[in-house]
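>>> Whatever this is, show me its structure:
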Amino acid sequence: MTAMRILGGTDASGLGISIGLENGLQGAATTQAPYLDASGLTVVPGFIDIQINGAFGSDFTEDPETIWDVGARLPETGVTAFCPTIITSPDGSIQAAQAAMGQRPPGYVGAEPVGLHIEGPFLSPDKRGTHPLNLLRHPGDIAFTPDHVSIVTCAPELPGAIEFIAELSTLGVVVSVGHSAATGDETRAALDAGATLGTHLFNAMPPLTAREPGVAGVLLADPRAFFGVIVDGHHLDPATLRLAWNAAPDRFCIITDAIAAAGQPEGRYRIGSVEVEMSDDVVRNADGTLAGAAVTMDRALAVLMKATDAPLSEAIASVTFNPSEALGSWDRGRLRRGARGDITLLDGPKVAATVIGGRVAFLKDEDRWRVPPRASS
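Model prediction:
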């Protein structure tokens, strides 16, 4: 049995809050349990990143065993749960990642990899971004099982895609429309078949026009769809970012789309088999195409708030409640009794502490951890 408390902080609205954590869940905790002194800090649900390719020098596609190494460091950025993302890659890469997901290290403490995000190979050749053209496939071209998979990105205009989307949806896999040249009608057909998410809105999809909404327009307008947005100050113009936020803040999910360069110095890195370079916090491949991002989730939240003037009380849903709902998870991304004990404590825009499953995974100031003296018998 484990128990702890978080005392003395305020929630995102500025109201005082105290939380008990026991056996990994939010609820009552004994008054003798150790506690985090949250005085002067803001207490929010743990951050959830549903699209991250790697970080801290590691790439999940190239070396899926590093999922656990990166996960152990993500609490530094406030992240308590994530979907390791595998991009278009040679045969066997998805299976290797699935195997790595089943090899949880003993005593692991870190952000929880809740399921893979398979971003490729079922993508449009015309909107592939940095994904290798020769490795793209149509649904049905390769054997695919949904073990340890939470999300699959698919271009719905591909042959067999609508049937593939329907099949995955019945298996409980979230299907995301992305890297697609689909029309509005083709996108709506994907949602009708069970797709419920969009991959990095406005990037790797056609522009929205007066009489053809395309993927982006349908995702913004249709209440059935959540959508991920890369909020790094580079992938979207601030006006475009405000447009997406104002259109549907209740369906807006910040994603980092981070690659190995996140949390690292400038230089050359890899995303899958592709060599890329990070300069001035922007990642590009050899032909200049944006290739993932180097942003962390705490920084992305700050970028959103600055660009939209959204207060923390509203913006926080984009990294907590909304991605949890997009995954169909009721026990993450909220502060309430019975939910998972995944909590992030903020000191302004900076992460002061992260608690995962009722255990402290990151603590910037060790003096905030308090152990009450035992009552005399």
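>>> Distance from whichever helix in the chain runs longest to the middle of the chain?
Of all the segments assigned as helix in the chain under DSSP state H, the longest by residue count is helix 297-308. Taking Cα atoms, centre = their mean, to the nearest Å, one finds the center of helix 297-308 at 14 Å from the center of the full chain.
>>> Show me where the stretch 251-377 of the chain dips below the pLDDT cut-off.
With pLDDT under 70 as the threshold, the stretch 251-377 of the chain has low-confidence stretches at 375-377.
>>> list the helices and strands the longest helix of the chain packs on?
Under the contact criterion of 3 or more Cβ pairs under 8 Å, 6 or more residues apart in numbering; DSSP states H and E, helix 297-308 touches strand 47-52, helix 238-247, strand 252-255, helix 312-315. Glycine gets a C-beta too; all of them are placed from N, C-alpha and C.
>>> roughly how far apart are residue 176 and residue 114?
Using Cβ to Cβ, to the nearest Å, we find residue 176 at a distance of 15 Å from residue 114.
>>> Compare those two (neighbour count), which wins?
Using other Cβ atoms under 10 Å, the more surrounded residue of residue 176 and residue 114 is residue 176, with 30 against 21.
>>> part of a strand, is that one?
Yes - residue state for residue 176 (DSSP: H, G, I helix; E, B strand; the rest coil) corresponds to a strand.
>>> Can you show me the helices along this structure?
Using DSSP H, the helices of the chain run over 67-73, 93-101, 161-170, 184-193, 214-221, 238-247, 297-308, 312-315, 321-326.
>>> ok, back up a step: now do the longest helix of the chain and helix 238-247, the angle between them.
Orientation of helix 297-308 against helix 238-247 (axes from the mean of the first three to the mean of the last three Cα atoms, to 10 degrees) gives an angle of 90 degrees.
>>> Which strand residues bridge residue 44?
Bridge pairing for residue 44 (DSSP bridges) gives the partners residue 344.
>>> doesn't residue 318 make contact with it?
No - contact between residue 44 and residue 318 fails when scored by Cβ atoms under 8 Å: they sit 11.5 Å apart.
>>> higher neighbour count, these two?
It is residue 318, of residue 44 and residue 318, that has more neighbours when counted by other Cβ under 10 Å, with 28 against 25.
>>> Surely the more buried one and residue 301 touch.
Yes - in this structure, residue 318 is within contact of residue 301 by Cβ under 8 Å, at 7.3 Å.
>>> overlap in contacts of those two?
Jointly contacting residue 318 and residue 301 under the rule Cβ atoms under 8 Å, 6 or more residues apart in numbering are residue 254.
>>> just the strands in the stretch 251-377 of the chain please.
Under the criterion DSSP state E, counting those that start in this stretch, strands of the stretch 251-377 of the chain are mapped to 252-255, 267-271, 274-279, 282-285, 343-347, 350-356, 359-363, 369-370.
>>> Redo the ones you listed as JSON lines? Include distance to residue 63.
Supplementary listing: those in JSON lines, determined by distance: least, Cβ to Cβ, whole Å:
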{"stretch": "strand 252-255", "distance to residue 63": "21"}
{"stretch": "strand 267-271", "distance to residue 63": "10"}
{"stretch": "strand 274-279", "distance to residue 63": "14"}
{"stretch": "strand 282-285", "distance to residue 63": "18"}
{"stretch": "strand 343-347", "distance to residue 63": "27"}
{"stretch": "strand 350-356", "distance to residue 63": "23"}
{"stretch": "strand 359-363", "distance to residue 63": "22"}
{"stretch": "strand 369-370", "distance to residue 63": "34"}
